[in-house]
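In: pasting the sequence and the predicted model now:
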Amino acid sequence: VSTQSTGKHPMSAQDMSTDEPYVWALDREADDEDGGHSYDFDVIVIGGGSGGVAHAKELGKNGARVAMFDFVAPTVHGTKWGVGGTCVNVGCIPKKLMHHASVCGEKIEDSEAFGWKGVSEKTHDWCEMVNNVQAHVKSINSGYRRIDLPKHNVTYINEMAAFVDPHTVEGTNAKGVKKQYTARRITIAVGGRPIYPDIPGAELALTSDDIFSLKRAPGKTLVIGASYVALECAGFMHGVGIDVTVMVRSILLRGFDQQMADLAGAYMQRIGVKFIRNSTPTALEKLESGKLLVKSTAHPDGEEYDTVLFAIGRRPETHKLNLGAAGFDAAAIAQHKGKLRTDAGERCLDGPPHIYAIGDIRVGQLELTPLAIAQGNRLASRLLGRSSRLVDYRHVATTVFTPLEYGFVGESEEEARARCGDENVEVWHTFFTPLEWAVPHFASSMVHEEDEQRRPENHCYMKLVCDKRDNDRVLGFHVLADNAGEITQGMSLAIKLGATKSTFDDTIGIHPTDAEQMTKLKVCKSSGESALQSTC
């Protein structure tokens, strides 16, 4: 993934190669004759999420005078949180914990087939889950403020920051008191927030900013959207016993490998998540009963729900920064819907050369926490003169935490075929059944019809997307299975190092595991043979 560039700076992201030196053109106008400066800070970091925290800590621990601004505006429902950004508070951390809560329920049900007794009447307490998850989140918030940031010499400023001029920001605290601060360099790391559609009553719905701290059980829930956030939230809510429906405008997981997206969605539907396809909401209305009436193109008269969750996209928080005062090109920012173009070194292309952007606000950026952290660390090292290394945006792995996790690294099948041509791409693939599923499935098959059986056979899937012209070099790895994230992290290293199909064939598997399927891929799509398995 690369950002776009006008060539204004020495190296564009499109021309990036981590093997080539990055030519710095740091602004010297801010320096005194001796190379020093008279600003309050060496660097101001605007944003206290994963990237901002990592960046500020790396700067501070190595002697820079650094301040980090962090301020969370409450949602329309009054939800707010502490330092740590989306990942810690309303993203990765609570999402994965609630996904695990869902997985626990599946394991409890599986356990009966393995001889465990007294577990058939399982119940789930939503409020207890939320309270315990939030306690963990707040411990991270506290750790940042009380220990981590002070230990790394970071000045934490709990104020909303906006530019006054290219080297000055004005902070506004919760009481409305304003104060100005100056810095030689400024890094923007404000991330984004969920968006609402422009329809009547939209504000009655929740977003992912609200769901992880919701103090009541959601009840009958409509999730609107087909993003990974939508499917993850729908998945874990269903897993803890919530009646969930997902409203989808068109395709699932736009931009992801569509075969994998369809398989993930089909499994969700198989286990009981309902889908309303080819539909969009037109209005929300709160009834006297407290329920929400959702009118849509599929149901013009409306359907009633206890909770509605929008997961239709995110908006960069850059609109709050008064970027024009810093000298940014407003038209260029508007063209990219609030995202900022940078070069390969995260320097902003449409603003002053001493201002940088990291994380989700960058044009072309994969919106992933580890990537933002890597950017923050690498940029800090370069600003400190300790390194010239850039972030390598190739082969960045990720996982969608749907009920069956979808992990991948590299290109989707569609991307590979579009870039290389159909005739130059081969896909090696297999469906498979985890060993752990075999016993629950067999026990269930004794009492249920096929479409009601637990842990169905051949619903997990793996594929390698290979370039036939380059010795079957692996362009993409995709897996749909339990613990797909754990499998995919290891595969990202193999693919980053240039693994070919023969590399996988020559690897001895760990038996019996899901991951060993990558060493046993014998069927290619072009053969037309079935990829279903009948044995382990």
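Out: Structure's in. What do you need?

In: just the endpoints, please. Distance across stretch 355-366?
Out: Stretch 355-366 has an end-to-end distance of 21 Å (Cα to Cα, to the nearest Å).

In: and Ser296, how far from Val308?
Out: To Val308, Ser296 is 11 Å away according to Cβ to Cβ, to the nearest Å. In short, each C-beta sits where N, CA and C put it, glycine included.

In: comparing those two, which shows the higher neighbour count?
Out: Using other Cβ atoms under 10 Å as the criterion, Ser296 and Val308 rank with Val308 on top: 23 against 20.

In: contacts only, for the residue lying closest to the more buried one once chain neighbours are set aside.
Out: Once flanking residues are discounted, Val308 sits nearest to Ala205: 4.0 Å by Cβ to Cβ, 6 or more residues apart in numbering. By Cβ atoms under 8 Å, 6 or more residues apart in numbering, the contact list for Ala205 reads 196, 224, 284, 292, 308-310.

In: now the two most distant members of those residues.
Out: Tyr196 and Leu292 (14.0 Å; Cβ to Cβ).

In: more crowded one of those two?
Out: More crowded of Tyr196 and Leu292, by other Cβ under 10 Å: Leu292, with 22 against 15.

In: which residues does that one bridge with?
Out: As for beta bridges, Leu292 partners with Lys286, Tyr305 under DSSP bridges.

In: does it really touch Glu303, like I thought?
Out: No: counting by Cβ atoms under 8 Å, Leu292 does not reach Glu303; the two are 9.3 Å apart.

In: nearest residue to Lys496 other than its sequence neighbours?
Out: Ranked by Cβ to Cβ, 6+ apart and with sequence neighbours excluded, the top spatial neighbour of Lys496 is His395, at 4.5 Å.

In: let me see the mean pLDDT of stretch 333-348.
Out: The average pLDDT within stretch 333-348 is 96.

In: next: stretch 356-370.
Out: Average pLDDT, stretch 356-370: 96.

In: show me which residues of it are buried.
Out: For stretch 356-370, burial by neighbour count (16 or more other Cβ atoms under 10 Å) applies to 356-365, 367-370.

In: now do the end-to-end distance for it.
Out: Span of stretch 356-370 from end to end, Cα to Cα: 18 Å.

In: hey, where'd the helices end up in the stretch 1-150 of the chain?
Out: Along the stretch 1-150 of the chain, the segments classed as helices by DSSP state H, counting those that start in this stretch run 50-61, 85-90, 92-111, 126-143, 149-151.

In: for Gly351, which of those is the nearest?
Out: Of all those, it is helix 50-61 that lies closest to Gly351, at 17.5 Å by Cβ to Cβ.

In: now the closest one - C-alpha only, CSV.
Out: The C-alpha coordinates for helix 50-61 follow below in CSV (Å, rounded to 0.1, in the frame of the first residue of the first chain):
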residue,chain,number,x,y,z
SER,A,50,-1.4,4.0,19.0
GLY,A,51,0.7,5.8,16.5
GLY,A,52,0.9,9.1,18.4
VAL,A,53,1.8,7.4,21.7
ALA,A,54,4.5,5.3,20.1
HIS,A,55,6.0,8.3,18.3
ALA,A,56,6.0,10.5,21.4
LYS,A,57,7.5,7.8,23.6
GLU,A,58,10.3,7.1,21.1
LEU,A,59,11.1,10.8,20.8
GLY,A,60,10.9,11.5,24.6
LYS,A,61,13.0,8.6,25.7
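
In: which residues touch it?
Out: Contacts with helix 50-61, where a contact means Cβ under 8 Å, 6+ apart, come from 42-43, 45-46, 66-68, 70, 83-88, 144, 148-149, 151-154, 187, 189-191, 358-359, 369, 372-373, 375-377, 379-381, 383-384.
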